[in-house]
Structure formats: structure tokens, C-alpha cells
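>>> test case, fold it:
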Amino acid sequence: MQRPAGLTVLAVCYLSAAGILGLTSIVLIFGGSFLSGVSGPADSGPPPSAHGLALMGLLCLLLALLNVICGIGFLKLRNWSRTVAIVFHLAWAIFWALSILGLRLHPSFPSLTFRIVLLAIQAWVVVYLLAPKVEQAFTTKSA
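Purely as a prediction, here's the structure:
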């Protein structure tokens, strides 16, 4: 069975996100000393430290690696990549659902709309990856 077009689109999205996260991690890790001196509005608190920015950069690098692994796994129809992606998107769906609940303290229509759209995207990806046609594409692939 051939790879469904949706999996190719998801693989491209994963690999694109990995590139963006990789560049972000480089900026945060190596430009952290510069960025730590940049301050925002007076009431925003102290600027982040170079150490904190480097840790955020390492987290971005880890997420970029996960995206590359899943993207390549989708292109090669590896079932483990489907499982990792389902767990990944379920975790993000839970995060966005909880963030919507947190908006009751400071409601904002644009913020609510943004979070609902991202929750819907995460849910759509999970439903798509659980679809029988997609599942069959992963199971009929010879190892």
C-alpha cells in the first residue's frame, strides 16, 4: 500500500517544525548572553538569564530531534513513529484544553480562538492517525 498523502503532509510539517526549532535552539543557546540583557516592559519582571535561555534552547533541540525522528518515520511508514506522534499530539491536546480552562481568569476572544484552533488541529491529527486507512498503511509496510 502506498503512503497516504496526509502522512506526507504531516512528515513535511514535522521536518519544517524541526528546522524552525533547530534554528530557535541555536539562537537561544548561543545568543543567550545577548538575549538575557534585553529587557521588556518595566512591569514584566527581570529578563531571563543566559542559563535559563540555554536550557530552553536544549528543550527546543530535543523537540526538533523528536520531530525529525517522527517525520522520517512517517516517510518510511514506521509504526513506532505513528505511536510517538499520537502520544505527542494527545499531550499537546491536553495542554491546549487546560490552557482554555485557564482563560477564565483573563478571558480574551483572540486568545480563546487561537487555543481552540490549536486544540482542534491536535485532535484532528490524532483522529487521522487512528483512522483505519492510515493504520493499515503502517501495518502493511514490510519491515
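
>>> show me the domain layout of the chain.
1-76, 77-143 (automatic domain parsing).

>>> averaging pLDDT over each of the ones you listed, which comes out lowest?
Lowest mean pLDDT within the domains of the chain: domain 1-76, a mean of 86.

>>> residue 7: what's it in contact with?
74, 75, 77, 134, 137 (C-beta atoms under 8 Å, 6 or more residues apart in numbering). Using the backbone N, CA and C atoms, a C-beta is placed for each residue, glycine as well.

>>> let's go with 10 Å and repeat that
Taking C-beta atoms under 10 Å, 6 or more residues apart in numbering as the criterion, residue 7 is in contact with 73, 74, 75, 77, 81, 82, 85, 128, 129, 134, 137, 138.

>>> host element of the first one?
In this assignment (DSSP states H and E), residue 73 forms part of helix 50-75.

>>> got it, and the last one?
Assigned by DSSP H and E, residue 138 falls within helix 132-139.

>>> which elements pack onto that helix?
Helix 132-139 sits against helix 5-30, helix 50-75, helix 79-102, helix 109-130, with contacts defined as 3 or more C-beta pairs under 10 Å, 6 or more residues apart in numbering; DSSP states H and E.

>>> which of the residues in it are buried?
Across helix 132-139, burial judged by 16 or more other C-beta atoms under 10 Å covers 134, 137, 138.

>>> I'd like those residues as JSON lines, with distance to residue 8 appended.
JSON lines is the format used below for the buried residues of helix 132-139 (distance: C-beta to C-beta, whole Å):
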{"residue": "134", "distance to residue 8": "12"}
{"residue": "137", "distance to residue 8": "11"}
{"residue": "138", "distance to residue 8": "14"}
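
>>> separation between residue 75 and residue 62?
21 Å (C-beta to C-beta, to the nearest Å).

>>> show me what counts as buried in stretch 83-99.
For stretch 83-99, burial by neighbour count (16+ other C-beta under 10 Å) applies to 85, 88, 89, 92, 93, 96.

>>> same question, stretch 71-85
71, 73, 74, 75, 77, 78, 81, 82, 85.

>>> between those residues, which is nearest residue 112?
residue 85 (26.3 Å; C-beta to C-beta).

>>> just give the nearest non-adjacent residue to the closest one, would you?
Nearest residue to residue 85, sequence neighbours excluded (C-beta to C-beta, 6 or more residues apart in numbering): residue 70, at 5.2 Å.
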